[in-house]
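K.L.:
fold the stuff below for me.
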Amino acid sequence: MKKKIHLTSKIYSIEFLAAMLFYSIGVSLSTPNTNPIYLKYLVMGVMLVVISAIILWIALMNSEKMDERARYNLSKASNLTIIAAISFFLLLGVSLLAFSLHIRLTAGIMSFVVAAMLAFHALSFLTFENVGLSNGKN
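P.N.:
Model prediction:
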């Protein structure tokens, strides 16, 4: 017997677990190797498999269908995330030009940025769902 899960908690959980997945990849790419070199990759691999299995389990659970209010809140959260990401990268670019900083963007740093964007989207979607700003009267 499968349990039914609320759609908001399903989307929120999947997004936060995906953010954890990208954060774990960023940690794996940013940290130096351990003394037995396979130990770091073994621990990170097991953690990534466990997080992926939890994401798959949550995704396959039964949930209600998405209504217009949830679609509206999801699109508002997506728009807010895109605007925040563009603003962040614009401010980063301007500050790098203004102060002539030399920052090397590695794959680990970009993985952290993707994790932050996913977490921001999940939090904004949860906020829009819980506060109830879905009637267009913002």
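K.L.:
counting by contacts, list what the strand or helix carrying L96 packs against.
P.N.:
Element membership for L96, per DSSP states H and E: helix 68-99. Packed against helix 68-99, as judged by 3 or more Cβ pairs under 8 Å, 6 or more residues apart in numbering; DSSP states H and E, are the following elements: helix 7-30, helix 107-131. Backbone N, C-alpha and C define where each C-beta goes, glycine included.
K.L.:
check which residues of stretch 30-37 are buried.
P.N.:
Judged by neighbour count using 16 or more other Cβ atoms under 10 Å, stretch 30-37 contains no buried positions.
K.L.:
tell me the mean pLDDT for that stretch?
P.N.:
Confidence for stretch 30-37, expressed as mean pLDDT, is 87.
K.L.:
I'd like the numbering to begin with 36 instead of 1 from here.
P.N.:
Right, with 36 as the first residue, what we last looked at is stretch 65-72.
K.L.:
list of residues touching it?
P.N.:
Outside of stretch 65-72, the residues that reach it under the criterion Cβ atoms under 8 Å, 6 or more residues apart in numbering are K75, T141, G143, I144, F147.
K.L.:
how about a cut-off of 6 Å?
P.N.:
Outside stretch 65-72, the residues that touch it by Cβ atoms under 6 Å, 6 or more residues apart in numbering are K75, G143.
K.L.:
now do stretch 108-124
P.N.:
M152, F155, H156, S159, F160, F163, E164, S169.
K.L.:
could you look up the SS state of the nearest residue to L131 once chain neighbours are set aside?
P.N.:
In space, L131 comes closest to I138 once its chain neighbours are excluded; the distance is 6.6 Å by Cβ to Cβ, 6 or more residues apart in numbering. Assigned state for I138: coil (three-state reduction, DSSP: H, G, I helix; E, B strand; the rest coil).
K.L.:
can you report phi and psi for I138?
P.N.:
Dihedral pair for I138: phi -110, psi 130, per degrees, to the nearest 10.
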